[in-house]
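A.B. asks: model this:
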Amino acid sequence: MTTEDSAAPQLHKCGPQPENTGPFRTTLMFGITEGVGSLNICLDVLKALNVSLSRIESRPSKSPGWDYEFFVDFDAEDSEQLSHIMKELGKVAKQVKAVSKKNTVATEEQIPWFPRKKTDLDTFADKVLEMGEELQSDHPGANDSVYRARRKEITEIAKTYRSGQPIPEIAYTEVEIKTWAAVFENLVRLFPTHACREHQYIFPLLVENCGYNANNIPQLETVSRFLKDCTGFTLRPVMGLLTSRDFLNGLAFRVFHSTQYIRHHSKPLYTPEPDVCHELLGHVPLFCDPDFADFSQEIGLASLGASDSDIEKLATIYWFTVEFGLCQQGNEIRAYGAGLLSSFGELEYALTSEPEKRVFDPNAAALQKYPITQYQPIYYVAESFKDAQAKVREFAKTLNRPFSVKYNPYTESIEVLDNKEKIVRYVQNIKSDLTNFVDALEKLR
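C.D. replies: Have a look, this model is predicted:
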């Protein structure tokens, strides 16, 4: 990779990344019938087993056979302890299920833990694999104590941020703004001829509404509010590289984890990891497009409860689409991947005849190997974002997951469609929507 390349996604937050080691972060769900002391009996069992709960939540049950469902979070030491807890709790509860952060646990369902509510994303706040404030020895800023201190200052904001709070503003320095300007000016001259039409349509709106220009680094909070008005997506500050599972899980809630720090000023046209230039110039414009937002969320929804091997496949699909995707628009091929739109060197290269271009097929893309330290030799070309979404949805049906999920935008939560009653209720909602659509069509006549 040359220094004339701002290819931010090398070592990107969504290349296949290993899971963190540690305790089995687990959610137990158990059902009980209404009666005096029913819950206390279950909690007494957990107390006797020395289980320390970090959360407990209840709701009326929609399933036959019990009246209330309870969800409790705790950390199990290992699979043996978790199995023992489930067995003992099962003696007094109507049904017990468990999902764990590690799918090696021998549970009734063997499903990795996944966030059910948007606020559950707070558990990712201080979990990063690398980068953030810690820089590798070959990073341009590794030996710059001032830069390292600045990175630490900015990443602390992400570490303490919680869902629902406004994202704190960063008072970017003159040096940081000059670094941004170098990237901004080089990319803007290529967008009219290389970026997809959706990016070209939205970018001027970001200039007008969010302060995008060469002399100003937009604030994440301002951009996040604009994004939410467009598609319901929001930004969330992150310290550095998340695991693929955590990063993709966030997309299911229409949340994009974004860095706030900027690359080192000594090499403004190169960065070994995602920075605010990559996020704001590459990713954000397309998240303002409804079809692209739907497509991105489709990948996120497929990742919930997926096995480690399926997460790797989904992360690879993400790499070849959201990061390095091309699309057919009329007689031309244009770029929509953020890794291209934030790298003027690779953006020029990708649209030449040198790399191989293939029609997007998630089954093939999921297994395709790729380099992370050089330009991509293969790119996948999507017919449209809607077509890509439909293909990913079909691909998701092949994953090893015994249930389907849907996102409830009213409660900002995930609903697991794992029994007949939930599915019937979902269908009834669809029926109501269809009735409204038919009525609207009749009025248009």
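
A.B. asks: got the contact list for Arg197?
C.D. replies: Counting by C-beta atoms under 8 Å, 6 or more residues apart in numbering, Arg197 makes contact with 329, 334. Every residue, glycine included, has its C-beta placed from N, CA and C.

A.B. asks: look up how far Lys91 lies from it.
C.D. replies: 61 Å (C-beta to C-beta, to the nearest Å).

A.B. asks: ditto for His265
C.D. replies: From His265 over to Lys91 (counting by C-beta to C-beta), the distance is 63 Å.

A.B. asks: so where's the stretch 101-250 of the chain uncertain?
C.D. replies: Counting by pLDDT under 70, the stretch 101-250 of the chain shows low-confidence ranges at 101-110, 129-133.

A.B. asks: tell me which of His265 and Lys91 has more neighbours.
C.D. replies: Each of His265 and Lys91 has its neighbours counted (other C-beta atoms under 10 Å); His265 has more, 17 against 10.

A.B. asks: next SSE after the helix or strand containing Asn249?
C.D. replies: Assigned by DSSP states H and E, Asn249 falls within helix 244-252. As assigned by DSSP H and E, the chain's next helix or strand after helix 244-252 is strand 255-258.

A.B. asks: and the strands in the stretch 201-350 of the chain?
C.D. replies: For the stretch 201-350 of the chain, strands defined by DSSP state E, counting those that start in this stretch occupy the ranges 234-237, 255-258, 326-329, 332-335.

A.B. asks: what residues sit buried inside the last one?
C.D. replies: Buried positions in strand 332-335, judged by neighbour count with 16 or more other C-beta atoms under 10 Å: 333-335.

A.B. asks: ok, of these, which one's closest to Asp78?
C.D. replies: Ala335 (46.7 Å; C-beta to C-beta).

A.B. asks: check contacts around the closest one.
C.D. replies: 194-196, 199, 325-327, 341, 347, 350-351.

A.B. asks: helices along the stretch 151-300 of the chain, start to end?
C.D. replies: Using DSSP state H, counting those that start in this stretch, the helices found in the stretch 151-300 of the chain span residues 174-188, 191-194, 197-210, 220-231, 244-252, 276-277, 284-287, 290-303.

A.B. asks: nearest to Thr155, out of those?
C.D. replies: helix 276-277 (12.2 Å).

A.B. asks: for Glu34, which three-state class applies?
C.D. replies: Using DSSP: H, G, I helix; E, B strand; the rest coil, the structure places Glu34 in coil.

A.B. asks: who's in contact with it?
C.D. replies: Counted by C-beta under 8 Å, 6+ apart, Glu34 has contacts 67-68.

A.B. asks: contacting residues around Tyr380?
C.D. replies: Tyr380 touches 320-321, 325-326, 357-361, 365, counting by C-beta under 8 Å, 6+ apart.

A.B. asks: thinking again about what came up before, now for the helix holding Asn249, which elements pack on it?
C.D. replies: With contacts taken as 3 or more C-beta pairs under 8 Å, 6 or more residues apart in numbering; DSSP states H and E, helix 244-252 sits against strand 255-258, helix 290-303, helix 308-318.

A.B. asks: try 10 Å
C.D. replies: strand 255-258, helix 290-303, helix 308-318, strand 404-408 (3 or more C-beta pairs under 10 Å, 6 or more residues apart in numbering; DSSP states H and E).

A.B. asks: run the chain-centre distance for it.
C.D. replies: 3 Å (C-alpha atoms, centre = their mean, to the nearest Å).

A.B. asks: got the angle for it vs strand 404-408?
C.D. replies: 50 degrees (axes from the mean of the first three to the mean of the last three C-alpha atoms, to 10 degrees).

A.B. asks: got a PyMOL select line for the buried ones in the contacts of Tyr380?
C.D. replies: Here is the PyMOL command that selects the buried residues among the contacts of Tyr380 (16+ other C-beta under 10 Å):
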select buried, resi 320+321+325+326+360+365
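
A.B. asks: which single one of the contacts of Tyr380 is nearest to Ile56?
C.D. replies: Thr321 (38.9 Å).

A.B. asks: my understanding was that that closest one contacts Asp387; is that so?
C.D. replies: No: at 11.5 Å, Thr321 and Asp387 do not qualify as touching, with contact defined as C-beta atoms under 10 Å.

A.B. asks: where do the contact lists of the two overlap?
C.D. replies: 295, 327, 360 (C-beta atoms under 10 Å, 6 or more residues apart in numbering).

A.B. asks: next one: the second one from Val381, what distance?
C.D. replies: In this structure, Cys327 and Val381 are 6 Å apart, going by C-beta to C-beta.
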